[in-house]
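Asker: Build me a model from this:
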Amino acid sequence: MASPPRNTRRALCTFITIFLLLAGLAVLIVWLIYRPHKPQFTVLGAAIYDLNTTSPPFISTSMQFTLVTRNPNRRVSIMYDKLTAYVSYRNQAITSSLALPPLYHATKSTVALSPVLGGAGVPVSVEATNGLVMDEAYGVVALSVVLLGRLRWKAGVIYTGRYGVYVKCDVWVGLKKGIVGQVPLLGSPQCKVDI
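Answerer: Next up is the predicted model:
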């Protein structure tokens, strides 16, 4: 004798509910164990080799920033697939974008990056050129080092999908006209990291 359809539906609904609760509990436990934290970035040094504002609306620059990135995760490593870097002044790029090589960031590790950014003839507004000339004459220039890219988290043999990463490091450098090479950083705050 077959069981009534009502009991079959009830058993199926109970099975699905229990399965979904157990699957949710398993995901919660895995997330609590492997919970990935954002990487941390800091600017440690700056060198300016060329800053030419004599032919507006183009700026010719050559700058090098030493960035240190730290992976705070104990169980999760980070893989940066595509990273590009540039320097901006008053939210306008004053260097062209530079593609950085792929980077593997092991757990609880620190990696230093020192890209040389710059090039000839980056177009900027007249206001940015005039502001840069005035700030350089004053001796303090506010710049932003920006990193854009894609990252993946790796926990054991599990890889996540790719996530966009945006890093913005606002730095104040002591810069006088005619000085070439290492310039003082006026503070080295933590960079803003958005994933």
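Asker: show me where this structure has helices.
Answerer: If DSSP state H is used as the criterion, the helices of the chain fall at 5-34, 126-138.
Asker: hey, what's the most centrally placed residue in the chain bridged with?
Answerer: Nearest to the geometric centre of the chain sits residue 167, at 3.0 Å (Cα atoms, centre = their mean). Note on residue 167: beta-bridge partners by DSSP bridges are residue 147, residue 193.
Asker: Tell me if I'm right that it and residue 113 touch.
Answerer: No. Between residue 167 and residue 113 there is no contact, the gap being 10.5 Å when judged by Cβ atoms under 8 Å. (Each C-beta comes from the backbone N, C-alpha and C, glycine too.)
Asker: and for the helix or strand of the chain with the lowest mean pLDDT, what are the contacting residues?
Answerer: Comparing every helix and strand of the chain by mean pLDDT, DSSP states H and E singles out strand 158-159 as the least confident one, with a mean of 80. The set of residues external to strand 158-159 that reach it, using Cβ atoms under 8 Å, 6 or more residues apart in numbering, is 79, 152, 153.
Asker: try it again with 6 Å
Answerer: Strand 158-159 has contacts (Cβ atoms under 6 Å, 6 or more residues apart in numbering) with residue 152.
Asker: One more: stretch 88-104?
Answerer: Counting by Cβ under 6 Å, 6+ apart, the neighbours of stretch 88-104 from elsewhere in the structure are 59, 61, 79-81, 83-87, 115, 117-119, 122, 124, 128, 131-132, 143-144, 146.
Asker: Quick one: buried ones out of those residues?
Answerer: In terms of neighbour count (16 or more other Cβ atoms under 10 Å), the buried residues within the contacts of stretch 88-104 are 59, 61, 79-80, 83, 85-87, 115, 117-119, 122, 124, 128, 131-132, 143-144, 146.
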